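1. okay, here's the prediction I keep looking at, along with the sequence it came from:
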Number of protein chains: 2
Amino acid sequence: MTTKPLIDYFENYLPLSEEEKSFLEEVFKGRRIKRRQFILQEGDVCKYNTFVVEGCFRMYTVDEKGKEHNLQFAIENWWIGDIGSFHSEEPSKLYIEALENAIILQIKKADQIKLFVDYPKFNHIFRVFTENALVSAQRRILQNISSTAEERYLDFLNRYPYFFNRISNVQIASYLGVTPEFLSTIRKKIANS
Amino acid sequence: MTTKPLIDYFENYLPLSEEEKSFLEEVFKGRRIKRRQFILQEGDVCKYNTFVVEGCFRMYTVDEKGKEHNLQFAIENWWIGDIGSFHSEEPSKLYIEALENAIILQIKKADQIKLFVDYPKFNHIFRVFTENALVSAQRRILQNISSTAEERYLDFLNRYPYFFNRISNVQIASYLGVTPEFLSTIRKKIANS
DNA sequence: ACAAGCTCTTAATCTACATTAAGACTCTTT
DNA sequence: AAAGAGTCTTAATGTAGATTAAGAGCTTGT
C-alpha cells in the first residue's frame, strides 16, 4: 500500500522532484477494497479522487425502473470518481463498486487543490488526463448515436481486449447499452461468421 | 472583431492582469465565418482552438453510409474544436460547420502552449473547462444508454431551451441520434399530451 | 456433496425506432 | 412572381433490440 505505483505513473509523463514525491506520499491514502464493496454510493458526495493500483471497478447509475447502466470501468493505473460531484460537492447519482478485490490510492479534494496550487505542474498533468478522457467520451457518444450494438461490441473488444476475460458479459452489455440477452445473440452471430 | 468578449469571458472566472490581456489580444485572431462555411473538415489537422463570439456551429462526423451525426453545437461564449486532433496533430474525422454567419476568435496550438507555460493561470482555467465538458459528455453517454429518444429530447429542450428556436429539427435529431421523421412523431406526441 | 445463486444461452413475442415515399409549408434566389 | 431548395409532417412497412421465460453450465458457501 505504497504510493510507488502512482509516482511511477506520474513519472511516465513528467519527472517529479523529491519534494513533490513526498507530498504525494503524504496526501494519497492507500485502501484495500473487497469485491462488491462500494467506494461511492448514490446520494453521497464524492470526496475522493481515486487511483486504482490493483483490481477492477465499475461506475454506474440506477434508473427509475431499477436498471443499472455502466458509465465506466477502471483497472490498474486508471482514475475513477464522479468529477461533477467531487467539484460541486453535491450528492452523486453514481455508484462505484469493486468487481474484484482491489487496492486504491485516494486524495481528498482539499489536498488536490493544495496539490494544484503548490505544485502547478499537476494542473498541467491533470488537464491532459481530463482532455484524454473527454476525447474518449466524445468517441463513445458518436458511436452511441451512429453505430449498431454489434459494431460497438467489436470496437469495445478491439479497444479494451484485456476486458474480455476479466469483465462479465452482463457488465459489458450494460456498458454498451444493450441487454445481456441481446449481447449473447451478437456474440453468437460473430462466432458463426 | 476585438478580443473583448473573450477577455470578459475569462474574467468571469478569474481577474486578468494587463499583461495577460495584451497577450490574449496578440495571440487570438478574429475571423468572420459565413453560414455553411467550414472551419474544420475531415482529413485536416485541427490547428486552432476556437472561441465563438457570435453565431452558431455544429461539429459532426460522416459515417460509411454518408450519414451525418452531430457531436456538439456551439454558440456565443462556447469553445469548439477537435481536441484529439489539436493535441495529436493527426487528421481529424470531424467537420465543423457554421449554421449561422459567425464571428470567432482562434488560437494556434503553439500559442496555446505558450499561454500555458508563460501564464500558468490558464492551465487551471482550461482544466476546469475541460472537466465541465467531460461531465456533460458523461451525462450524455448515460442518457444514450439508458433513456428513450423522447426522454433525451425533453432533456435537451430543458437543458438548452435557447436552441429550440435557433437550430433546425433536422440538426437536433442528428444530435439525439434519431431520424428527423421520428423526432417529428415525438414532437407530435408531446404536443398531444 | 448439495443447494443456492450467478452467468450465459436460446427462443418467442413485442416495441422503439428506421426507412421510404409523398405532400405541405417555408425561405431564398432570381 | 415563380422556381427551387430546404424543412416539417404523415403514414406504411421493415428491423434492431427489449422483454419474458426457461434451462444449462458454473461458482460459492456450508
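-> Looks like it arrived, so ask away. Numbering: from 1, shown residues only, chains lettered A, B, ... in the order given.
2. tell me which helix or strand comes right after the longest helix anywhere in chain A.
-> Selection of the longest helix in chain A by residue count, based on DSSP state H, yields helix A:121-146. Tracing the chain past helix A:121-146, the next element assigned as helix or strand by DSSP states H and E is helix A:149-159.
3. which parts of that next one are buried?
-> Of the residues in helix A:149-159, those buried under the neighbour-count criterion (16 or more other C-beta atoms under 10 Å in any protein chain shown) are A:Ala149, A:Glu150, A:Arg152, A:Tyr153, A:Phe156. Any C-beta I mention is one placed from the backbone N, CA and C, and that applies to glycine too.
4. so what does the longest helix of chain A touch, helix or strand wise?
-> If you count contacts as 3 or more C-beta pairs under 8 Å, 6 or more residues apart in numbering or on different chains; DSSP states H and E, helix A:121-146 packs onto helix A:109-118, helix A:149-159, strand B:68-74, helix B:83-88, helix B:121-146, helix B:169-176.
5. average model confidence for it?
-> The pLDDT scores in helix A:121-146 average 95.
6. that helix: how far from the chain's middle?
-> The offset between the C-alpha centroid of helix A:121-146 and the centroid of the whole chain comes to 12 Å, using C-alpha atoms, centre = their mean, to the nearest Å.
7. anything in stretch A:155-166 near DNA strand C?
-> No: applying C-beta under 7 Å from any atom of the strand, one finds stretch A:155-166 separated from DNA strand C by no less than 9.8 Å.
8. actually stretch A:63-70, not the one I wrote
-> No: applying C-beta under 7 Å from any atom of the strand, one finds stretch A:63-70 separated from DNA strand C by no less than 10.8 Å.
9. how long is that stretch end to end?
-> 11 Å (C-alpha to C-alpha, to the nearest Å).
10. show me what it is in contact with.
-> Judged by C-beta atoms under 8 Å, 6 or more residues apart in numbering or on different chains, the contacts made with stretch A:63-70 from elsewhere in the structure are A:58-62, A:171, A:174-175, A:177, B:142, B:145-147.
11. hmm, back to that, near DNA strand D, which of the buried residues of helix A:149-159 show up?
-> For DNA strand D, the contacts drawn from the buried residues of helix A:149-159 by C-beta under 7 Å from any atom of the strand are A:Ala149, A:Glu150.
12. residue numbers of chain A in contact with DNA strand C?
-> By C-beta under 7 Å from any atom of the strand, the residues of chain A that approach DNA strand C are A:Ser168, A:Asn169, A:Val170, A:Pro180, A:Glu181, A:Leu183, A:Ser184, A:Thr185, A:Arg187, A:Lys188.
13. ok, A:Asp155 to DNA strand D distance?
-> Shown here: A:Asp155 relative to DNA strand D, a distance of 13 Å by C-beta to the nearest atom of the strand, to the nearest Å.
14. find the nearest non-adjacent residue to that residue, please.
-> In space, A:Asp155 comes closest to A:Gln143 once its chain neighbours are excluded; the distance is 6.5 Å by C-beta to C-beta, 6 or more residues apart in numbering or on different chains.
15. check contacts around that neighbour.
-> Contact criterion C-beta under 8 Å, 6+ apart gives A:Glu151, A:Arg152, A:Asp155 as the residues in contact with A:Gln143.
16. A:Ser22 sits in which helix or strand?
-> Taking DSSP H and E as the criterion, A:Ser22 maps to helix A:18-27.
17. and the next element down the chain from that helix?
-> Next along the chain after helix A:18-27, with elements defined by DSSP H and E, is strand A:29-33.
18. and which of the contacts of stretch A:63-70 is nearest DNA strand D?
-> For DNA strand D, the nearest member of these is A:Gly177. The distance, counting by C-beta to the nearest atom of the strand, is 6.1 Å.
19. among the residues of chain A next to DNA strand C, which ones lie close to DNA strand D?
-> Okay, of those touching DNA strand D (C-beta under 7 Å from any atom of the strand), that's A:Glu181.
20. I'd like to know which of the residues of chain A next to DNA strand C are buried.
-> A:Leu183.
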